[in-house]
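> here is my input; please provide its structure:
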Amino acid sequence: MKRRGKKYRSVAESIERGRRYSVDEAFTLLKKSLHAKFDETVEVAVKLGVDPRHADQMIRGAVVLPSGTGKTNRVAVFCRGEKQADAKAAGADVVGAEDLVERVQGGFMDFDVVVATPDMMALVGRLGRVLGPRGLMPNPKTGTVTPNVTQAVLDAKGGKVEYRTEKAGIVQTAIGKGSFDPAALRANLVTVVDALTRAKPASAKGTYMQSITVSSTMGPGIRIDPTDGAFAK
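Residues are numbered from 1 along each chain as shown. Model (predicted):
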């Protein structure tokens, strides 16, 4: 078993088992846990009362974080004609049609987000074996298959994150960096939780928002009370 550092153990020992902290308390503890030499990513894991084995309970979508992600995404756009100029003007890093498909088939993967216009999906579908395992396949539910390439690129560059339920109904996504102040992390967390709340399927029974846990790349998980007033609308 990997031995944890003194900083990690110190913070881990200060976290009460079974306790659900307020949002503000959680981020205060999280900031104390930061000890890496790089800017750690802050993530949230939300356990939802859904069964992703049922199609109507598979939650998937995207949301633009108000405080951004702390990362500048490289965006590839598959489109034709005037849309290519629109994508480039919006800040896309690479734009193309058949030529871009060929580049990706040849091993080019210098991008973090893929956007495609609907008419390009027949071609982009050929890249499923390459893009799919990396979570890069465009999807209408996340806004990456759209005729509005300008907005899609701006969102991807401006703090958009995707989410989807994994096994056991858990949704996990980044909500910022350790260098963010607590208010920025709080705003991003509330935005993600709100999006998940609004995505609650009608068929979900029992407690929907079961647990919320935040952590940094090198830090311990800190559980948050889902009924905290920060999430109230």
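
> C-alpha from now on. contacts and neighbour counts both.
Will do.

> report the buried residues of the lengthiest helix in the chain.
The residue-count maximum for a helix in the chain (DSSP state H) belongs to helix 182-198. Within helix 182-198, the residues scored as buried using 16 or more other Cα atoms under 10 Å are 182, 184-193, 195-196.

> next: stretch 100-119.
L100, V101, V113, V114, V115, A116, T117, P118.

> just checking, V95 is part of a strand?
Yes. Counting by DSSP: H, G, I helix; E, B strand; the rest coil, V95 is located in a strand.

> ok, back up a step: any chance of the buried residues of helix 182-198 in a markdown table, with pLDDT and distance to S14 too?
Converted to a markdown table, the buried residues of helix 182-198 look like this (pLDDT from 0 to 100; distance: Cα to Cα, whole Å):
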| residue | pLDDT | distance to S14 |
| --- | --- | --- |
| P182 | 94 | 19 |
| A184 | 95 | 24 |
| L185 | 96 | 21 |
| R186 | 96 | 21 |
| A187 | 95 | 25 |
| N188 | 96 | 25 |
| L189 | 97 | 22 |
| V190 | 96 | 24 |
| T191 | 96 | 28 |
| V192 | 96 | 27 |
| V193 | 96 | 26 |
| A195 | 95 | 31 |
| L196 | 95 | 29 |
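
> how about those residues in TSV, adding distance to E25?
Below are the buried residues of helix 182-198 laid out as TSV (distance: Cα to Cα, whole Å):
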residue	distance to E25
P182	10
A184	14
L185	12
R186	11
A187	14
N188	16
L189	14
V190	15
T191	18
V192	18
V193	17
A195	22
L196	22
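
> where does this protein dip in pLDDT?
For the chain, the stretches with pLDDT under 70 are 1-5, 7, 233.

> please enumerate the strands of it.
Along the chain, counting by DSSP state E, strands occupy 41-48, 60-64, 75-78, 94-96, 113-116, 160-164, 170-177, 209-216, 222-224.

> G143: which of these is closest?
Nearest of those to G143, taken as Cα to Cα: strand 60-64 at 7.2 Å.

> sorry, back to before: from the strands of the chain, which stretch is densest packed?
strand 113-116 (a mean of 28; mean count of other Cα atoms under 10 Å).

> from the contact counts, what lies against that strand?
Judged by 3 or more Cα pairs under 8 Å, 6 or more residues apart in numbering; DSSP states H and E, strand 113-116 is in contact with strand 75-78, helix 149-157.
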